[in-house]
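**Q** Here is a sequence with its predicted model. Questions after.
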Number of protein chains: 2
Amino acid sequence: MKITKLEPEKKQGLVVVITGKGKGKTTSAMGMALRSAGHGMKVCIIQFMKGDIYSGEWDGVKLLDDLVELTPTGKGFCGIQGNPYPFEEHRQNAQDALLLVDQKMQSGLFQTLILDEINNALELKLVDLEQVLNILRNRPPELHLIMTGRDAPPEIVEIADTVSEVQEIKHAYRRDIEPQPGIDY
Amino acid sequence: MKITKLEPEKKQGLVVVITGKGKGKTTSAMGMALRSAGHGMKVCIIQFMKGDIYSGEWDGVKLLDDLVELTPTGKGFCGIQGNPYPFEEHRQNAQDALLLVDQKMQSGLFQTLILDEINNALELKLVDLEQVLNILRNRPPELHLIMTGRDAPPEIVEIADTVSEVQEIKHAYRRDIEPQPGIDY
């Protein structure tokens, strides 16, 4: 059987938004990182609001031949039970992350930039809509930009090329099954 | 900041189903493969109906230190325009894949088994519901089983621990943007 190797006539950076309440948003972004690495493309992942709980992808991406760089920039989910950090601290972290995004975006080193949980950071007002729209306006035309997190605002959906909403049909935690490594973190 | 390392009191294999028409099902499964690899877990991916078009994950997983094995077993999407293979040939491929699934599942070598597009293979009658239910009944209790593809049947959803439905809000191809490497394949 002949294997077809696709090659777009026009290479084009896509804006991809993965939103919704179900499992599979960050996970999907990690899949695109893996797929990009398979093509030899370089990927930068900046995680908003994550950093206080270890997740397997932190070490997973290290296996990918220096093709994928991942930086958790946060202190966990702002406002949820058990998170001890005040709003101002979360916002400062997210604002610092935006500076990093801009720097990575303009570096020319990456073909794919993943802004994990940025939709959530927007919803929680750790970053402002105008700041995110500026990222979208300033991105190099060949750079893929992937944005994950619940509650993507309509202004971002409007601009994006591909938008998926992951709905929860059921989730193990609702039956008190603990998060399992490899699957949930 | 202290980083929490979760560790479930009870390790438990989960059945995860990622279905729906939107982008992010196979991608999400690849993310779980990457995450699992980060934990040093071994993953087996068997792709149904895929094999005729190169996708970046084929090479991406090779970078993961021999932790992830991927086997495309198919000849493309049965019945779609441009696919030259008869139904019987697609079904035979899928039936052979089921034997491989059983062998890998019972080998004890893997902590995570991904059956990519098996829901689709079910819908197209390349495999039978009873065959897939048998896989679910026979799986070792600590093995994670991830099943992707559109149209997951209610009998599988019923058994699964976590089910997400990825809805398409929009997709670049509807505006005639070609599939882009790293993102779409």
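**A** Nice, thanks for sending it over. Keep in mind the model is a prediction, meaning the values are calculated, not measured.
**Q** contacts and neighbour counts: CA atoms only from here.
**A** Fine.
**Q** Do I have it right that residue A:35 meets residue B:54?
**A** No: judged on CA atoms under 8 Å, residue A:35 makes no contact with residue B:54 at a distance of 10.9 Å.
**Q** Which neighbours do those two have in common?
**A** residue B:185 (CA atoms under 8 Å, 6 or more residues apart in numbering or on different chains).
**Q** does the longest helix belonging to chain A come close to chain B?
**A** Of all segments of type helix in chain A, defined using DSSP state H, the longest is helix A:87-106. No: Helix A:87-106 is not in contact with chain B by CA under 8 Å from any CA of the partner chain; minimum separation 12.1 Å.
**Q** Likewise for stretch A:117-127?
**A** No: shown here: stretch A:117-127 not in contact with chain B (CA under 8 Å from any CA), separated by at least 15.2 Å.
**Q** What residues sit buried inside that stretch?
**A** A:117, A:118, A:119, A:120, A:121, A:122, A:123, A:124, A:126, A:127 (16 or more other CA atoms under 10 Å in any protein chain shown).
**Q** Show the end-to-end separation of it, please.
**A** One end of stretch A:117-127 sits 11 Å from the other (CA to CA, to the nearest Å).
**Q** any idea of the mean pLDDT in that stretch?
**A** Averaging pLDDT along stretch A:117-127 yields 97.
**Q** With stretch A:28-37 instead?
**A** 98.
**Q** Figure out how far that stretch is from the centre of its chain.
**A** Here the centre of stretch A:28-37 is set off from its chain's centre by 11 Å, with CA atoms, centre = their mean, to the nearest Å.
**Q** for chain A, what spans make up the helices?
**A** A:26-38, A:57-60, A:87-106, A:118-123, A:129-138, A:154-159.
**Q** Only the buried residues of the fifth one, if you could.
**A** Burial within helix A:129-138, assessed by neighbour count using 16+ other CA under 10 Å, is assigned to A:129, A:132, A:135, A:136.
**Q** And the third one, by the same measure?
**A** Under the neighbour-count criterion of 16+ other CA under 10 Å, helix A:87-106 has A:90, A:91, A:93, A:94, A:95, A:97, A:98, A:101, A:104, A:105 buried.
**Q** Tabulate those residues (a markdown table), appending pLDDT.
**A** Listed next are the buried residues of helix A:87-106 as a markdown table, based on pLDDT from 0 to 100:
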| residue | pLDDT |
| --- | --- |
| A:90 | 97 |
| A:91 | 97 |
| A:93 | 97 |
| A:94 | 98 |
| A:95 | 98 |
| A:97 | 98 |
| A:98 | 98 |
| A:101 | 98 |
| A:104 | 98 |
| A:105 | 97 |
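**Q** which one's the longest strand in chain A?
**A** strand A:162-170 (DSSP state E).
**Q** any low-confidence regions in chain A?
**A** Under the criterion pLDDT under 70, no range of chain A is flagged.
**Q** center of it - which residue?
**A** Chain A has residue A:116 as the residue nearest its centroid, 2.1 Å off, counting by CA atoms, centre = their mean.
**Q** what's across from the closest residue to that residue other than its chain neighbours in the sheet?
**A** Excluding the flanking residues, the one nearest residue A:116 by CA to CA, 6 or more residues apart in numbering or on different chains is residue A:47, at 4.6 Å. When assigned by DSSP bridges, residue A:47 has beta-bridge partners residue A:72, residue A:116.
**Q** Tell me the spacing between residue A:47 and residue B:96.
**A** 41 Å.
**Q** Residue A:120 too?
**A** 44 Å.
**Q** Residue A:75 too?
**A** For residue A:75, the distance to residue B:96 equals 48 Å [CA to CA].
**Q** Check residue A:136 too.
**A** 46 Å.
**Q** what does residue A:135 give?
**A** Applying CA to CA to residue A:135 and residue B:96 gives a distance of 48 Å.
**Q** same check, this time on residue A:20
**A** 36 Å.
**Q** looking at it, residue A:27 is touching residue B:32, isn't it?
**A** Yes: counting by CA under 8 Å, residue A:27 touches residue B:32, with 6.2 Å between them.
**Q** Counting neighbours, what do you get for the closest residue to residue A:110 other than its chain neighbours?
**A** Nearest residue to residue A:110 in three dimensions, chain neighbours excluded: residue A:42, at 4.8 Å (CA to CA, 6+ apart). When neighbours are defined as other CA atoms under 10 Å in any protein chain shown, residue A:42 has 21 of them.
**Q** Kindly list the main-chain dihedrals of residue A:42?
**A** In terms of degrees, to the nearest 10, the main-chain angles of residue A:42 are phi -100, psi 140.
**Q** Just list the residues touching it, thanks.
**A** Residue A:42 neighbours (CA under 8 Å, 6+ apart): A:36, A:67, A:68, A:109, A:110, A:111, A:112.
**Q** pretty sure residue A:43 contacts residue A:68?
**A** Yes: with contact defined as CA under 8 Å, residue A:43 reaches residue A:68; the gap is 4.7 Å.
**Q** thinking again about what came up before, let me have the buried residues of helix A:129-138 in TSV, adding distance to residue A:152 as columns.
**A** Below are those laid out as TSV (distance: CA to CA, whole Å):
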residue	distance to residue A:152
A:129	10
A:132	11
A:135	15
A:136	14
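**Q** now, which of those residues lie close to chain B?
**A** Near chain B, by the rule CA under 8 Å from any CA, you find none of these.
**Q** just checking, residue A:95 touches residue A:122?
**A** No: contact criterion CA under 8 Å: residue A:95 and residue A:122 do not qualify, at 11.1 Å.
**Q** now do the same end-to-end measure for stretch A:3-22.
**A** Start-to-end, stretch A:3-22 (CA to CA) is 34 Å.
**Q** before we move on, what about stretch A:81-88?
**A** Stretch A:81-88: ends 17 Å apart by CA to CA.
**Q** what's the answer for stretch A:17-27, then?
**A** Span of stretch A:17-27 from end to end, CA to CA: 13 Å.
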